[in-house]
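>>> need coordinates for the below:
(chains A, B, C and D)
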There are 2 protein chains.
Amino acid sequence: MSGGTGWQEVRDEALRRIRARLWAPGDRIPDEAALAEELGCARATVNRALRDLAEAGLLERRRKGGTRVPLTPVRKATFSIAIIRQDIEARGQVPGYRLLGDIVEDAPAEVRAAMGDGPLRHVTALHTADGAGFCLEDRWLNPAVVGDVSFETLSANEWLVGNVSFAEGTLAFHAVPATAELARALGCKEGDALLALDRETRGEVPITWVRLVYAPGHRVQAAL
Amino acid sequence: MSGGTGWQEVRDEALRRIRARLWAPGDRIPDEAALAEELGCARATVNRALRDLAEAGLLERRRKGGTRVPLTPVRKATFSIAIIRQDIEARGQVPGYRLLGDIVEDAPAEVRAAMGDGPLRHVTALHTADGAGFCLEDRWLNPAVVGDVSFETLSANEWLVGNVSFAEGTLAFHAVPATAELARALGCKEGDALLALDRETRGEVPITWVRLVYAPGHRVQAAL
DNA sequence: GCGGATAATATGTATATACTTAATAACGCC
DNA sequence: GGCGTTATTAAGTATATACATATTATCCGC
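Numbering: from 1, shown residues only, chains lettered A, B, ... in the order given. Next comes the predicted model:
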């Protein structure tokens, strides 16, 4: 009657009521059955809509407890992790890649915490955009997983995505000062503030630990 | 037969096949009806499971085109945005708050791009954890939205969440060098590399633009 | 062979129904 | 009143069915 029964319309109507404070923070909202009747749709449709909002942190749902608008919503932001080359192409720039180092050695404590003790394959490479340094990849690999694949022309980043992707892992952002090596590779001054992304990937066993350090000014954008 | 028909079990089984490369990158997987029959459940259950994997970037689905394992998966990571005070409490530390400045003035170009021209209320505040500087909040507010609420004791961060939350916005991470003010507030040296989070929030009109600069070493963790 | 209309198809969604589960509320006992 | 048991409730899930919608594939006329 009111114009539609799709779950997205139900979600939008719920969102409107939240924003208009018809449903104020702390409030318990009508249950699914009541909303279904009011909006003229099935309960499953309301369920889908409210579940969607709950996943975004805009509602809190509990069995028997009903659904309520959180007093202090914990919004969730998502960002996409693509291959670096794709990232650069998406910016309309020409991607480049240069292998800087590839040796087996003992890793620092920070890496050993994630990858375990024992010698690891240490690969460093520079990704460029339109010829300029874009991102320095500092990667430690489990030799048992990668064997002796060459990363001369194909970045480890790309090889991993195509071969041992779909694994679990953790990810964190932080800031690091540019070392002499970073300054040289990324074309900035030593000590400059750079954005870094640490990522750890493992399947059954640890696979890789990587730190990507981006050129000055780089921003990683997320969507709410 | 095989042990269960819940959508999470279907999802896990699909994930297992992807990881085991039974379904290899580029492959088209069986359609929902076939999987439903094979796994002994309803098509809607399979749909729920595969939709979940597609949202995580582990599958690509298209009407008529079927479902396939992406050649270069674009994984999605999510992180939660809570009130800073809650963030600090979650670390087991005692949160503190000190208002540093609150004046109406013209904003720099970067902020005007998001908030429009005209004078804005500029609020700066320091969040502390166990007494030490944790995060400097540099916020520009639309006076038409906030009026003359006092942020002496309640952080703007918290006031906004409780009053104009549920709005749209953008969010980005980057790195900045510590200015003299930042160094003083966060207890570090001038020029130190610091993680910054820029966030823009708007409803019908621009509401606020904020930059949170964290103390040295701070990491923002995301989940895959 | 090419382009455009047409058919086929896999996913997307809506619905009624039924049952499960977690959490709260009610009850009754002491 | 305090406490443990039981009943109730609202969300969570599963299912069959039906129809919608985007594509892809096919067919046909030229």
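>>> C-terminal to the lowest-mean-pLDDT helix or strand in chain A, what's the next element?
Counting by mean pLDDT, DSSP states H and E, chain A has its least confident helix or strand at helix A:156-163, which shows a mean of 78. Per DSSP states H and E, the first helix or strand lying C-terminal to helix A:156-163 is strand A:168-177.
>>> is that following strand in proximity to chain B?
Yes. Judged by Cβ under 8 Å from any Cβ of the partner chain, strand A:168-177 comes into contact with chain B through A:168, A:169, A:170, A:171, A:172, A:173, A:174, A:175, A:176, A:177. Where you see a C-beta, it was placed from the backbone N, CA and C, and this is true even at glycine.
>>> any of those residues buried? List them.
For the residues of strand A:168-177 next to chain B, a burial check counting by 16 or more other Cβ atoms under 10 Å in any protein chain shown picks out A:169, A:170, A:171, A:172, A:173, A:174, A:175, A:176, A:177.
>>> name whatever forms a beta bridge with the third one.
Beta bridges link residue A:171 to residue A:199, residue B:222, judged by DSSP bridges.
>>> if I look at it, how far off is residue B:133?
Residue A:171 sits 26 Å away from residue B:133, going by Cβ to Cβ, to the nearest Å.
>>> count of neighbours near residue A:210?
Residues near residue A:210, counting by other Cβ atoms under 10 Å in any protein chain shown, number 20.
>>> sheet partners, orientation included, of the one helix or strand it maps to?
Under the criterion DSSP H and E, the helix or strand holding residue A:210 is strand A:206-214. Strand A:206-214 pairs in its sheet with strand A:132-141 (antiparallel), strand A:193-202 (antiparallel), by DSSP bridges.
>>> take these and write them to JSON lines, including mean neighbour count and distance to residue B:84.
Output for the strands paired with strand A:206-214, formatted as JSON lines (neighbours: other Cβ atoms under 10 Å in any protein chain shown; distance: least, Cβ to Cβ, whole Å):
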{"stretch": "strand A:132-141", "mean neighbour count": "22", "distance to residue B:84": "29"}
{"stretch": "strand A:193-202", "mean neighbour count": "22", "distance to residue B:84": "20"}
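>>> so residue A:194 versus residue A:93, what's the distance?
19 Å.
>>> break chain A down into its domains, please.
If you go by automatic domain parsing, the domain ranges for chain A are A:7-68, A:84-214.
>>> lowest average pLDDT across these?
Sorting the domains of chain A by mean pLDDT places domain A:84-214 lowest, at a mean of 91.
>>> straight-line length of that domain, end to end?
Terminal residues of domain A:84-214 lie 11 Å apart, using Cα to Cα, to the nearest Å.
>>> also stretch A:143-156?
Terminal residues of stretch A:143-156 lie 13 Å apart, using Cα to Cα.
>>> sorry, back to before: closest to residue B:6 out of the strands paired with strand A:206-214?
Residue B:6 lies closest, by Cβ to Cβ, to one member of the strands paired with strand A:206-214: strand A:193-202, at 26.1 Å.
>>> that closest one versus strand A:168-177: what angle between them?
160 degrees (axes from the mean of the first three to the mean of the last three Cα atoms, to 10 degrees).
>>> ok now strand A:193-202, how far from the chain's centre?
The chain centroid and the centroid of strand A:193-202 are separated by 11 Å, computed with Cα atoms, centre = their mean, to the nearest Å.
>>> what strand or helix carries the residue sitting nearest the centre point of chain A?
Centroid-nearest residue in chain A, with Cα atoms, centre = their mean: residue A:79, separated by 4.7 Å. When secondary structure is defined using DSSP H and E, the element that contains residue A:79 is strand A:75-81.
>>> so what does that strand touch, helix or strand wise?
strand A:220-223, strand B:75-81 (3 or more Cβ pairs under 8 Å, 6 or more residues apart in numbering or on different chains; DSSP states H and E).
>>> swap the cut-off to 10 Å and go again
helix A:84-90, strand A:168-177, strand A:220-223, strand B:75-81, strand B:168-177, strand B:220-223 (3 or more Cβ pairs under 10 Å, 6 or more residues apart in numbering or on different chains; DSSP states H and E).
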